[in-house]
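J.: Need a 3D model of the sequence below.
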Amino acid sequence: MGEPIPLQKRYTKTLDEAVDELELLLATMCKAIVDHPADIVIQRAVSPTGFCAFEVTCREEEAGSLVGKRGCHAESIRSLMMAAAAARKIRVTVQLMSAQGNMGRR
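T.: Residues are numbered from 1 along each chain as shown. The predicted structure follows:
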């Protein structure tokens, strides 16, 4: 009958490659929400144990659209990032910042 279909593919990329993919996903989501995507800046910090922290900075006037009404955009971004990171065996946190300072709760 042929070979059985594997239930789950093993993720074989290195930590740096996986974090690059996560950063691309985060940049794509954030730039799709705001009016001036060129002003989105993403910084990251990676530990060798598999933990990654992202900090997204945007213009002050676009902070509201990035966070969304009652934080729905921010929560959705964090949820998708955590799901994508879990598939790659990485723990992740996302901090949303405006040009003036912190605007997210995490």
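
J.: Please point out which parts of stretch 89-102 sit buried.
T.: For stretch 89-102, a neighbour-count test (16 or more other C-beta atoms under 10 Å) marks 90, 92, 94-98 as buried. In this view, the C-beta of every residue, glycine as well, is placed from N, C-alpha and C.

J.: Sort out for me which of the residues you listed are in strands.
T.: In this view, the buried residues of stretch 89-102 that belong to strands under DSSP state E are 92, 94-98.

J.: out of the buried residues of stretch 89-102, who's nearest residue 60?
T.: Using C-beta to C-beta, residue 98 comes nearest to residue 60 of the buried residues of stretch 89-102, at 4.9 Å.

J.: Just give me the residue right at the centre of this structure.
T.: In the chain, the residue lying closest to the centroid (C-alpha atoms, centre = their mean) is residue 26, at 3.7 Å.

J.: so that residue is in which element?
T.: In this structure, residue 26 sits in helix 15-33 according to DSSP states H and E.

J.: what's next to that helix, contact-wise?
T.: Applying C-beta atoms under 8 Å, 6 or more residues apart in numbering, the contact partners of helix 15-33 are 11, 13, 37, 40, 42, 44, 46, 48, 50, 52, 54, 56, 58, 65-66, 68, 73, 77, 80-81, 84-85, 88, 90, 92, 94.

J.: Select only the buried ones of these in ChimeraX?
T.: Buried residues among these (16+ other C-beta under 10 Å), as a ChimeraX selection:
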select :40,42,46,52,54,56,58,66,73,77,81,84,85,88,90,92,94
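
J.: List the beta-bridge partners for the residue nearest to residue 63 when sequence neighbours are not counted.
T.: Of all residues not flanking residue 63 in the chain, residue 98 sits nearest, at 4.0 Å (C-beta to C-beta, 6 or more residues apart in numbering). Per DSSP bridges, the residues bridged to residue 98 are residue 58.
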